[in-house]
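Whatever this is, show me its structure:
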Amino acid sequence: GYGCFSGYIMSMFVLYLLQNRRINGTMSSYQVARSTWSAIAKSNWTEDGISLAQPASQQSGVSDFHKYFDVVFLDVTGCYNLCANMCRETYIWPRSVLIIQISTVSKPLFMTRMPFYRQFDHIIRRGLQQRVFSLGILFPNISRWSVNEAIPSAEEHITLGLTLNPEFAFSTVERGPGANLPEFWNAKTDARLFQDGSICEAFMWNIGSTTLQQRRLICRHIVCYLLQKKLGIHTESSLLYVADQLEPLLERHSIQPAGFEYGTGEEASVRVISVVDALSKQLRQVEDIPLEVTGIRATSAVMRYCEVLPPLAMLPKTHKYHPESRENCHVLKMDNPTAIAPRFIPVIEGVIQLGMSGKWPQNLAAIQRIKAAFYIQTAQGLSKQFKLTVQPYPNCIHIFKDGFTLSLEVAHQREISLLKEYKTPEGMTKYRDTPESIALEKRILHLPKLSSALHGLHQQFPGFGPTCCLAKRWLSSQLIDPSHFPEMCTELLVASLFLSPEPYHPPNQPQLGFFRFLNLMANTDWNTEPVILNLNDELNREDILKIENWFQKNRVTLPNLFLSTPYDKNNSIWSKEAPSLQILIRVAMLARESLRIVESLLFYSRQIDSSQIFRPPLDAYDVIIHLIPKLNPLRHEAVDATAVKKNKQLPAYKQEPEEKIPVAGFNPVSCYLHELRRTLVKMHCSSMDVYGGDMIAVLWKPPALQPKGFR
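Predicted coordinates:
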C-alpha cells in the first residue's frame, strides 16, 4: 500500500550495503539475506538516516531531511528521500520483527506466515497515542482510475495494530511529565507521589470497573477519547476496536458472585487461591497429627487460572429436590421422580504434602490404611480447632471452607513404586507401569509441579489463563471434549505460545493468544515438530537438543502429540492416551475453518459475531442425543445461552453453625456420558460440549456397522 516498506526500498538498501562493503559478491544468498536483516534490525533511519550519495555530500543532506521526514533514506543524488511517504511506525514495525527473528534460531522468518491480526494485541481503525511497544499501519490498496473519469467513491479504512507494553498498558493512571497534561487530556490533574519515588502530574481513567478484563481495555478508552475530542470522529459509527470480542464467552450469564465483579474469571480464581492458602496454613497448625504437614499443592485448573468456570463461594443450603442430609454433608435424593439437577459445584482438588519420615510401612495396603487414619485425625483436628465441616473418606478428605468444597489426598511417592511392583514366576520382583500407578504419578508427582509452573507463567503473562479458557471453550464447543483432547494438553500448547512466541511478541490480550492457538493447531505438523516447554528456564540448550534427538530417534513409539516439560522430558505422559491422530486431524480442519471466518469478519465485516466459530458442524455424526434441559446444570453457560442473560446475585457467604458439605462435583450429563462410553465403548465414539452443551454427538465405529449374527 501507500508508504509501505516496499521491495524497491529493500533492493536499494542491499545496494547500500554493497556500496559500503557490508556484503560482497562472494557471499551466498543466505549470507546476504542474513546480513541485510541484521543491518535493518540495528538501523535507526528515524534519527540516523542513510544515503546512497557520495560521503562528501551525505552528512549534511541527511540531517536536513530529518527536519521534514520521519524516515530518511536518500538516493544517489542525495536530493530525493526514498522513504518520503513512509511514517515512523511503518519503519519500526518490520524492524521490530527482524529484531525478534535474528535473536532466535527456532523458526526461520519465511516459514511462519504472519497475518496482520495475529501480530498485534489490539486492532483499531483510527488513531492512538501511547502505552505500546510498536504500532503497525495497514494502508488500504491504492485505487486506480482513468484521468478522464471521475474519482470512484470508496469507503476506505485505515487499520492500526498495537503491540502493548504490559508494564504500562493496563494502568488506570495517566502520568506526566508535561506541563500541558491537563490541557491535552481536558482532565483535572494533581501532583502524586508514585512508588518509584517520582512526583508528577497525573489523573485516573474512569473505566467503571477494576476487573482485569476492563483494565486490558484501557487503551480502548484512550482511543475513543482521542478520536472524539481531538479529531471529531464519532467512534460509534467510525471505529471498530478489535480486542475483546470473544471475552463474553468467559463471563458468567446465570449467576454473579457477591462482593466482587466476575469479569472473565481471574478475580474468582484469586479468591479460590487465597482460600487454599489459608487452609494450607490451618492444616500446618492442626495438633495431635502424627505426620508433619508441610502444605497443600492444589492441582485443579483454577489454581493455574485455566478454569473456564471457576468455583464461586456458595451457602451450603439444601435444595428442594435433594433434601436428605447426613452427619457432615447433604446427599442427593435419587428416587425423586421430579428431580432437577442441583447447581453444579466444582470440587477443588489438591495434594497434602507431608514431611520426610522413615516410619511408613512397605506394604501397599498398610500405607492406604495409615492414610485413611490420617484423614480421620485431620478431620477431627480441623473441626475442633477451626470449626470447619470435614468429611473423611478412605482415599481422600473433603473440606468445606468459606463456601468452597476441597478434596485433598496425601502424597506418598513410595505408593507409586508399590503399584508398579509385581512378581515373576521365578519369584523375582520387577516393576512396570500400570494404569493405577500412572494415574497416581500424574496426580501427586507431575501435576503439582506443573500447576506451580503454570501459575508462575500466568503471573508473568496475565493473558495466559484467559487464553487457555478460550482454547478449552473452543475445543469443547466443537465437540472435542477432554476425553478426546485432555485439558492439560491444551494448557501446555497455549503455554508454548507464551514461552516461545517467535516470530511474535508474547500476546497480552487473550483474544490474540486464542488466534495464535488456532494457527498452531491448523498449521503444525505434529509428526515432525515436538512441543518443548522450557518452564522456569529449567532446560538449557543441551537438554533441548537431547530431547529433540530423542524425539527423532523414537518418533514411531511416541504419542501423536509430543509434549516435553522439565518434569517429563521424554515420556509425554499428558498426551500418551489422547489426542489420537484422527482427533488432531479433525482439530486442524476445524481450526483452519475458524481462522478463515475470523479473517473474513475482521477485515470484510463491520459486525463481529464471535459465536460463529463456537458452533460445531454436525454433518459428520450419525446420532444426536438431545438432553433434558433441567438435568443439565450448566445449560445457562452454553455458547448460545450467553445472549439471554439471567444473572442471579449469589448471597454473600457467611459461616453458619453446623454447616454441611453440599452436593459437589455432581453433573448428571457427565455421568450419563461416562456410562454411555463405558457400555458401548467398542461401538461408538461420543462427545459433547462440557460447558453447557445440550446434546451428545455419536459417531459409529466401522466395526459397529458390519453385519453380525443373531445371539
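
close enough to count as contact, residue 487 and residue 473?
No: using C-beta atoms under 8 Å, residue 487 makes no contact with residue 473, being 11.3 Å away. From N, CA and C alone the C-beta is placed, and that goes for glycine too.

mind checking pLDDT for residue 178?
As predicted, residue 178 sits at a pLDDT of 56.

Figure out the helix or strand that the residue most central in space within the chain lives in.
In the chain, the residue lying closest to the centroid (C-alpha atoms, centre = their mean) is residue 467, at 2.4 Å. Here residue 467 sits within helix 464-477, counting by DSSP states H and E.

Just name whatever secondary elements that helix is in contact with.
For helix 464-477, the packing partners by 3 or more C-beta pairs under 8 Å, 6 or more residues apart in numbering; DSSP states H and E come out as helix 266-285, helix 447-460, helix 487-499, helix 510-523.

now with 7 Å?
Judged by 3 or more C-beta pairs under 7 Å, 6 or more residues apart in numbering; DSSP states H and E, the packing partners of helix 464-477 are helix 447-460, helix 487-499, helix 510-523.

Reformat the ones you listed into CSV and put mean pLDDT and distance to residue 346 next to each item.
As requested, the helices and strands packed on helix 464-477 are exported to CSV (pLDDT from 0 to 100; distance: least, C-beta to C-beta, whole Å):
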stretch, mean pLDDT, distance to residue 346
helix 447-460, 94, 16
helix 487-499, 96, 13
helix 510-523, 94, 21
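
Now mean neighbour count and distance to residue 369 too, for the ones you listed, in JSON lines please.
JSON lines is the format used below for the helices and strands packed on helix 464-477 (neighbours: other C-beta atoms under 10 Å; distance: least, C-beta to C-beta, whole Å):
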{"stretch": "helix 447-460", "mean neighbour count": "19", "distance to residue 369": "24"}
{"stretch": "helix 487-499", "mean neighbour count": "22", "distance to residue 369": "31"}
{"stretch": "helix 510-523", "mean neighbour count": "23", "distance to residue 369": "46"}
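
right, so of these, which gets closest to residue 213?
Among those, the nearest to residue 213 by C-beta to C-beta is helix 510-523 (9.0 Å).

by contact count, what packs against that closest one?
The contact analysis (3+ C-beta pairs under 7 Å, 6+ apart) places helix 510-523 against helix 464-477, helix 487-499, helix 581-604.

follow-up on the earlier one: list the contacts for the residue nearest to the centre of the chain?
494, 507, 510, 513-514, 517 (C-beta atoms under 7 Å, 6 or more residues apart in numbering).

coming back round to it: of all the helices and strands packed on helix 464-477, which one comes closest to residue 530?
Ranking those by proximity to residue 530 (C-beta to C-beta) places helix 487-499 first, at 10.3 Å.

For the closest one, enumerate the helices and strands it packs against.
Counting by 3+ C-beta pairs under 7 Å, 6+ apart, helix 487-499 packs on helix 447-460, helix 464-477, helix 510-523, strand 531-532.

How much space separates the residue lying closest to residue 469 once chain neighbours are set aside from residue 284?
With C-beta to C-beta, 6 or more residues apart in numbering as the criterion, residue 469 has its nearest non-adjacent residue at 4.7 Å, and that residue is residue 308. In this view, residue 308 and residue 284 are 32 Å apart by C-beta to C-beta, to the nearest Å.

got it, and residue 148?
Taking C-beta to C-beta, one finds residue 148 at 87 Å from residue 284.

Compare these two (neighbour count), which wins?
Neighbour totals were compared for residue 148 and residue 284, and residue 284 leads with 13 against 5 (other C-beta atoms under 10 Å).

mind giving me the domain ranges of this structure?
Domain assignment for the chain by automatic domain parsing gives 1-103, 257-311+346-446, 461-616, 623-705.

now the first one: mean pLDDT?
Averaging pLDDT along domain 1-103 gives 83.

Please compute how far it lies from its chain's middle.
Mean-position distance between domain 1-103 and its chain equals 38 Å (C-alpha atoms, centre = their mean, to the nearest Å).

with the contacts of residue 467 in mind, which one is nearest to residue 133?
Of these, the one sitting nearest to residue 133 (C-beta to C-beta) turns out to be residue 507, at 12.4 Å.

Spit out the contact partners of the residue nearest to residue 23 when sequence neighbours are not counted.
Nearest non-adjacent residue to residue 23, counting by C-beta to C-beta, 6+ apart: residue 17, 4.8 Å away. By C-beta under 7 Å, 6+ apart, the contact list for residue 17 reads 23, 35-36, 39.

Phi, psi for residue 17 please.
phi -60, psi -40 (degrees, to the nearest 10).

Also the one 5 residues further on?
Comment: the main-chain dihedrals of residue 22 come out as phi -80, psi -20, following degrees, to the nearest 10.

One more: residue 314?
phi -130, psi 150.

count of neighbours near the closest residue to it other than its chain neighbours?
In space, and not counting its chain neighbours, residue 314 is closest to residue 403: 5.2 Å by C-beta to C-beta, 6+ apart. Neighbour count for residue 403, taken as other C-beta under 10 Å: 24.

Pretty sure residue 403 sits against residue 345.
No: Residue 403 is beyond contact range of residue 345, at 9.5 Å (criterion: C-beta atoms under 7 Å).

so what sits against both of the two?
residue 314.

that older thread, list the contacts of the residue nearest to residue 314.
So residue 403 contacts 313-315, 653 (C-beta under 7 Å, 6+ apart).

can you list those residues in TSV and add neighbour count, pLDDT and secondary structure?
Listed next are these as TSV, based on neighbours: other C-beta atoms under 10 Å; pLDDT from 0 to 100; DSSP: H, G, I helix; E, B strand; the rest coil:
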residue	neighbour count	pLDDT	secondary structure
313	20	89	coil
314	19	83	coil
315	15	77	coil
653	17	83	coil
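
Using neighbour counts, pick out the buried residues of stretch 594-602.
594-595, 598, 601-602 (16 or more other C-beta atoms under 10 Å).

So which of those sits lowest on pLDDT?
residue 602 (72).

just to revisit the earlier point, among the contacts of residue 403, which one sits closest to residue 688?
Closest approach to residue 688 among these (C-beta to C-beta): residue 314, at 25.1 Å.

before we move on, what SS does residue 405 have?
strand (DSSP: H, G, I helix; E, B strand; the rest coil).

List the residues that contact the residue lying closest to residue 70 once chain neighbours are set aside.
Nearest non-adjacent residue to residue 70, counting by C-beta to C-beta, 6+ apart: residue 88, 4.1 Å away. Residues in contact with residue 88 (C-beta under 7 Å, 6+ apart) are 46, 70-71.

Need the buried ones from those residues selected in PyMOL.
The following PyMOL line selects those of those that are buried, judged by 16+ other C-beta under 10 Å:
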select buried, resi 46+70+71
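
Pull the contacting residues for residue 169.
Residue 169 sits next to 131, 219, 508 when contact means C-beta under 7 Å, 6+ apart.

Please name the nearest non-neighbouring residue to the first one.
Taking C-beta to C-beta, 6+ apart as the measure, residue 131 lies nearest to residue 169, with 4.3 Å between them; neighbours along the chain are not counted.

what about the one you found, distance to residue 48?
28 Å.
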